[in-house]
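Q: Requesting a structural model of the entry that follows:
(one chain, ligands or ions: 1)
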Amino acid sequence: TAEVALMGPTPSLPPVILTQDELKKIAAYKAVEFVQSGMVLGLGTGSTAKHAVDRIGQLLIQGKLNNIIGIPTSKKTHEQAVSLGIPLSDLDSHPVVDLAIDGADEVDPYMNLVKGRGGSLLREKMIESACKKFVVIVDESKLVQHLGGSGLAMPVEIVPFCWKFSAQRLELLFKESGCVAKLRTYSENGEPFVTDNGNYIIDLYLKKDIGDLKAASDAILRLPGVVEHGMFLGMATTVIVAGELGVRVKSK
Ligand code: 5RP
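A: Next up is the predicted model:
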């Protein structure tokens with residue numbers, strides 16, 4: 001991988017403290033520099049990807065980009081893109097995507113990701129696996145040494161049928177890592193969170209490193225009832241990290 005620092009601190013000026021959202025926006029705008037007219041684009045989901053989609057809409061209105069086709073990774077992004085006048089399609093009509101831009105919940109040193117804390121992991125994985133280039137945009141709080149090691153959720157999308165059974169089997173699978181499996185619910189009413197595909201999400205909380213990621217991925221996907229998980233292994237081609245010291249672009 002090659003890493004490039006694009007912006008450094010200016011020693012003579014007092015440091016400007018940027019908010020997390022400003023850092024997300026910086027990463028998103030940097031990623032949109034990869035977009036060219038005529039591209040089929042995977043449009044990501046979440047608060048970071050939202051900035052990228054806004055920027056693409058802005059450049060279309062300004063006539064600086066033309067003939068873009070967007071493939072949204074969620075109903076929410078679909079709505080946002082429609083409101084911005086971005087022409088849309090889907091994988092059935094455009095099975096090859098030139099470039100996708102999306103956020104992530106965790107990024108390890110090998111550019112493996114955890115995604116799906118926003119709940120859109122299945123459509124994101126379908127679209128991002130069909131991409132020639134997948135640019136991930138994060139602020140530096142998302143960088144981790146080991147996926148799942150931050151104590152935050154590792155999401156798994158499952159069918160609603162007998163979800164407790166699936167949760168138990170997932171928990172057993174990672175017993176050695178002290179796994180606790182929880183059904184994701186809406187905070188307002190405690191009802192199960194339902195994905196855009198009508199499924200549920202089980203969040204896995206791990207006390208210890210999950211170990212071999214590929215083996216963990218295969219084991220999860222072998223369980224009947226599991227639709228997809230939020231580990232995106234070897235999929236990102238570029239990661240853009242915005243931090244207080246500047247923007248870093250890391251490419252395969
Ligand atoms: C949604 C995702 C998001 O990309 C991920 O949760 C990051 O979100 P944010 O940019 O809001 O931090 O995977 O399913």
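
Q: Residue 195: what secondary structure?
A: When classified by DSSP: H, G, I helix; E, B strand; the rest coil, residue 195 comes out as coil.

Q: Then residue 60?
A: helix.

Q: For the ligand, give me its nearest residue in the stretch 151-252 of the chain.
A: When scored by Cβ to the nearest ligand atom, the stretch 151-252 of the chain has residue 230 as its residue closest to the ligand, at 7.0 Å. For every residue, glycine as well, the C-beta is placed using N, CA and C.

Q: Phi and psi next, for that residue.
A: Main-chain torsions, residue 230, degrees, to the nearest 10: phi -90, psi 10.

Q: Kindly confirm my reading that residue 83 is in a helix.
A: Yes: checked against three-state DSSP, residue 83 lies within a helix.

Q: hang on, the earlier thing: what's near enough to touch the nearest residue to the residue of the stretch 151-252 of the chain closest to the ligand once chain neighbours are set aside?
A: Excluding the flanking residues, the one nearest residue 230 by Cβ to Cβ, 6 or more residues apart in numbering is residue 116, at 3.4 Å. By Cβ atoms under 8 Å, 6 or more residues apart in numbering, the residues touching residue 116 are 105, 124, 155, 157, 201, 229-230.

Q: Name the nearest of those relative to residue 216.
A: Distances from residue 216 to these, taken as Cβ to Cβ, are shortest for residue 229 (8.4 Å).

Q: quick one: that closest one and residue 126, what's the gap?
A: In this view, residue 229 and residue 126 are 13 Å apart by Cβ to Cβ, to the nearest Å.

Q: More neighbours: those two, which one.
A: Remark: of residue 229 and residue 126, residue 229 carries more neighbours, 27 against 16, as counted by other Cβ atoms under 10 Å.
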